[in-house]
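Asker: Attaching a predicted model along with its sequence, questions to come.
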Amino acid sequence: MKAVDTDIFVYAAGLPHPYRDPCRKVLTAIEAGRVEANVDTETLQEVMYVYWYRKQLTVGLQYIDRLLVLFPSPIGVEKTAIMGAREVMASHPNLDPRDAIHAAVVIKRGFEGIISTDRGYDDVAGVTRFDPKDL
């Protein structure tokens, strides 16, 4: 099982970018069952935030509806994930707090890693980053 980072969804639905097609292929592979993956609830919150911030709330809510079909059982971010994120941030103070939460979910759940374009995960012990261009 792999976690999926927010950037995969943003690039996949975004404007032309070197990561747009690789991210779309990753989502297609997940949908087809070739890649086993899930998201945590914080990832879904981030997707909503991006579209709210861009003043595209209707588009964002429609996207969330699609993601909830693709990931019908997102992983709840509970106390153990927050405690894990605290540990990750203590050793990686430059890592974004949300990324620390995603990293903690990967570690605590024993996932293979996280599918992400964000190289910040590369330095986190216990987290393997899968670049969508390599999948």
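Answerer: Sure thing, it's come through.

Asker: counting contacts, what elements does the helix or strand where Ile64 lies pack onto?
Answerer: Using DSSP states H and E, Ile64 falls within helix 57-70. When contacts are defined as 3 or more C-beta pairs under 8 Å, 6 or more residues apart in numbering; DSSP states H and E, helix 57-70 packs onto helix 6-13, helix 20-31, helix 41-53. For glycine as for every other residue, the C-beta is placed from the backbone atoms N, C-alpha and C.

Asker: so which of those helices is the most packed in?
Answerer: Counting by mean count of other C-beta atoms under 10 Å, helix 6-13 has the highest mean neighbour count of the helices and strands packed on helix 57-70, with a mean of 21.

Asker: between that helix and helix 20-31, how many degrees?
Answerer: Using axes from the mean of the first three to the mean of the last three C-alpha atoms, to 10 degrees, the direction of helix 6-13 lies 110 degrees away from that of helix 20-31.

Asker: what's the straight distance from one end of stretch 118-130 to the other?
Answerer: Distance across stretch 118-130, first residue to last, is 10 Å (C-alpha to C-alpha, to the nearest Å).

Asker: where are the low-confidence patches of the chain?
Answerer: Across the chain, nothing is flagged by pLDDT under 70.

Asker: 90 instead?
Answerer: Counting by pLDDT under 90, the chain shows low-confidence ranges at 135.

Asker: who touches Val26 in this structure?
Answerer: Val26 makes contacts with Val4, Ile8, Ala12, Val35, Ile115, Pro132, Leu135, as judged by C-beta atoms under 8 Å, 6 or more residues apart in numbering.

Asker: Of the residues you listed, which is the most crowded?
Answerer: Within the contacts of Val26, most neighbours by other C-beta atoms under 10 Å means Ile8, with 28 neighbours.
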